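# below are the sequence and a predicted model; questions follow.
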Amino acid sequence: MTIRVRFAPSPTGDLHVGNVRTALFNWAYARHTKGTFVFRVEDTDAARDSDESYARLLDDLRWLGLDWDEGPEVGGPYGPYRQSERRAVYAETIDKLRAAGHVYESFSTPEETEARHRAAGRDPKLGYDGFDRDLTDEQRAAYRAEGRLPVLRVRMPDEEISWHDLIRGDISFAPGSVPDFVVVRGNGEPLYTLTNPLDDALMRITHVLRGEDLMPSTPRQIVLYRALIDIGATDFVPSFGHLPFVMGEGNKKLSKRAPEGSLHRYREGGYLPEGLLNYLALLGWSIGPDRDVFSLDEMVAAFDIADVNANSARFDPKKCEVINATHIRMLPAPEFARRLGEYLPDADPALVEAAAPLVQERIQTLVEGADMLRFLVDADIEMDEAAAAKQLGDAGQQVLTAALLALDALPSWDATSIEAALQAALVEGLGLKPRNAYGPIRVAVTGRTVSPPLFESLELLGRERSLARLRAAVA
RNA sequence: GGCCCCGUCGUCUAGCGGCCCAGGACGCCGCCCUCUCAAGGCGGUGGCGCCGGUUCGAAUCCGGUCGGGGCUACCA
């Protein structure tokens, strides 16, 4: 049987890195096993879902490079892949489930249930008590006469429910520890509790890999699966694997609210998708001893869900950045230039290609690279006041004047000649230490104390612009 | 409260009974290199939560304890 896995987010906001890692592990497992990666959108909550989020979801997944075999815009044999377009399927299944007695109408409000628990001396937070399980037709009619609309609940069997988790081993829930749960709202709309396992069943998902927060709902889903098998909707219960959390600040599960978890922060911040994905893969998985940088292809070749460990991991922005930097360095020069160019939309591609090698080894993100090359791209530089105060004072003026003299007469404008001329004029001529000799020039030309290598920068800037900036810096 | 999961350096991990008085990466601290910043090189800091048990032998197996996290909606 070929392995079918899925990523099924709801479009209620931007993806966060925990979601992305879940998608990555599903994707990698599918690719490793030559299986199928299904992408399904769970937009059954009209109040929270939005079309913008939906569009961004697809765009983000594409940017990451996690291509799907079935799903929105690519289709597939089990579509549609947006739950909002599957209403008819749900309605039909609900009818069958009801006819077979797997679900029943429940009129109790949470307050009533709680009151019954109190009256019986039980913990009021126990959850639904099964009060409506065996209502007679007359009783149901009476509730309806009051204007109440029933939800539909699944009847949980009075037995232990267990499964062998792909990541955690044997897990079981004691009889009676999981209350009958709601699958259809009073207004007839199906809930996630129904649509998620139902679509997994209908889409023939063989391995459900998801966050560990869904573990407590697994026994309910297993029971629902049995009901679905009974009504002929499917013929097997999938395997489950519950991925550990990605934690954020304060050791709390990373949520959509936490800014450090937002995918867009990394996308807009100049991260490479392969860098971010590599880092995320490190959270809960290891490609092998003494190794933590690898390509997506290498990950696919090595990935097995059984190797994922069960303990939660803290997202470390610093290490993420370092891994990203490593991937930046691994890029072939032309490819690096192309990607850097995306963050310098108004720059001449030829210039970016020539300048890219100067920054490739000194940046963590593409945004930093773009920043560092700003002085080459823009007509005017933005002078850092603190840098100017430090480097363009009396001593600096002397340096600039000497540099101007040496460079103005230079026959050939290339890095080697520039270096030789400045070395002769400043280090030997004025007897300056190199750092004192080149500091003022760097600031005059780039506006900052930190820049790409100076001589190459001057070459790329060109004689005219270089001299103009030096002159402008002379008081 | 109830149910469930987890527990190796500050962080992410390797380790699946002897190869480990625990290895790597990030961070941090030194040194080297150096036109700034990086990169690179060298060295250092630092951990098996605790208590029992099994065993000739435990980071590895079992029990307990403590600690952390999650779920407990007519959200997903």
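Structure received.

# only C-alpha atoms from now on, for both contacts and neighbour counts.
Fine.

# so what's A:Val474 scoring on pLDDT?
A:Val474 is assigned 84 on the pLDDT scale.

# on the three-state scheme, the closest residue to it other than its chain neighbours is what?
Of all residues not flanking A:Val474 in the chain, A:Gln397 sits nearest, at 6.0 Å (Cα to Cα, 6 or more residues apart in numbering). Under DSSP: H, G, I helix; E, B strand; the rest coil, A:Gln397 falls in the helix class.

# contacting residues for A:Gln397?
By Cα atoms under 8 Å, 6 or more residues apart in numbering, the contact list for A:Gln397 reads A:440, A:474-475.

# what does A:Phe181 give?
Counting by Cα under 8 Å, 6+ apart, A:Phe181 touches A:128, A:153-155, A:220.

# so which of those residues belong to strands?
Among those, the members found in strands (DSSP state E) are A:153-154.

# nearest to A:Leu280 among the contacts of A:Phe181?
Nearest to A:Leu280 out of the contacts of A:Phe181 is A:Arg220 (Cα to Cα; 29.9 Å).

# re the thing from before, any chance of the contacts of A:Gln397 in a markdown table, plus secondary structure?
What follows is these, written out as a markdown table (three-state DSSP):
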| residue | secondary structure |
| --- | --- |
| A:Pro440 | helix |
| A:Val474 | coil |
| A:Ala475 | coil |
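
# in ChimeraX, how would I select the buried members of these?
Applying 16 or more other Cα atoms under 10 Å to those, the buried members can be selected in ChimeraX as follows:
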select /A:440,474
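
# could the contacts of A:Gln397 go into CSV alongside distance to RNA strand B?
CSV is the format used below for the contacts of A:Gln397 (distance: Cα to the nearest atom of the strand, whole Å):
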residue, distance to RNA strand B
A:Pro440, 9
A:Val474, 19
A:Ala475, 22
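
# pipe the contacts of A:Gln397 into JSON lines and attach distance to A:Pro259 per row.
Formatted as JSON lines, the contacts of A:Gln397 follow (distance: Cα to Cα, whole Å):
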{"residue": "A:Pro440", "distance to A:Pro259": "39"}
{"residue": "A:Val474", "distance to A:Pro259": "44"}
{"residue": "A:Ala475", "distance to A:Pro259": "45"}
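
# where does chain A dip in pLDDT?
Within chain A, the segments meeting pLDDT under 70 span A:46-47, A:250-251, A:255-258.

# please report how far the residue of the stretch 351-475 of chain A found nearest RNA strand B lies from A:Phe245.
Relative to RNA strand B, the nearest point of the stretch 351-475 of chain A is A:Arg362 (2.9 Å; Cα to the nearest atom of the strand). Plainly put, A:Arg362 is 33 Å away from A:Phe245 if you go by Cα to Cα, to the nearest Å.

# so between these two, which is more surrounded?
Shown here are A:Arg362 and A:Phe245; by other Cα atoms under 10 Å, A:Phe245 has more neighbours (25 against 16).

# surely that one touches A:Arg210?
No - assessed by Cα atoms under 8 Å, A:Phe245 is found out of contact with A:Arg210, at 9.8 Å.

# ok, A:Ser312 touching A:Met247?
Yes - between A:Ser312 and A:Met247 there is a contact under Cα under 8 Å: 6.9 Å.

# higher neighbour count, the two?
Neighbour count, other Cα under 10 Å: between A:Ser312 and A:Met247, A:Met247 has more, with 20 against 16.

# show me what contacts A:Leu296?
Taking Cα under 8 Å, 6+ apart, we find A:Leu296 in contact with A:274, A:277-278.

# cutoff 7 Å now
A:Glu274 (Cα atoms under 7 Å, 6 or more residues apart in numbering).

# distance of the residue of the stretch 351-475 of chain A closest to RNA strand B relative to A:Trp68?
Taken as Cα to Cα, the span from A:Arg362 to A:Trp68 is 35 Å.

# A:Glu459 now?
Remark: distance between A:Glu459 and A:Trp68 (Cα to Cα) = 46 Å.

# who has more neighbours, these two?
In terms of neighbours (other Cα under 10 Å), A:Trp68 is the more surrounded of A:Glu459 and A:Trp68; the figures are 21 against 17.

# just give the nearest non-adjacent residue to the more buried one, would you?
Nearest residue to A:Trp68, sequence neighbours excluded (Cα to Cα, 6+ apart): A:Phe37, at 5.3 Å.
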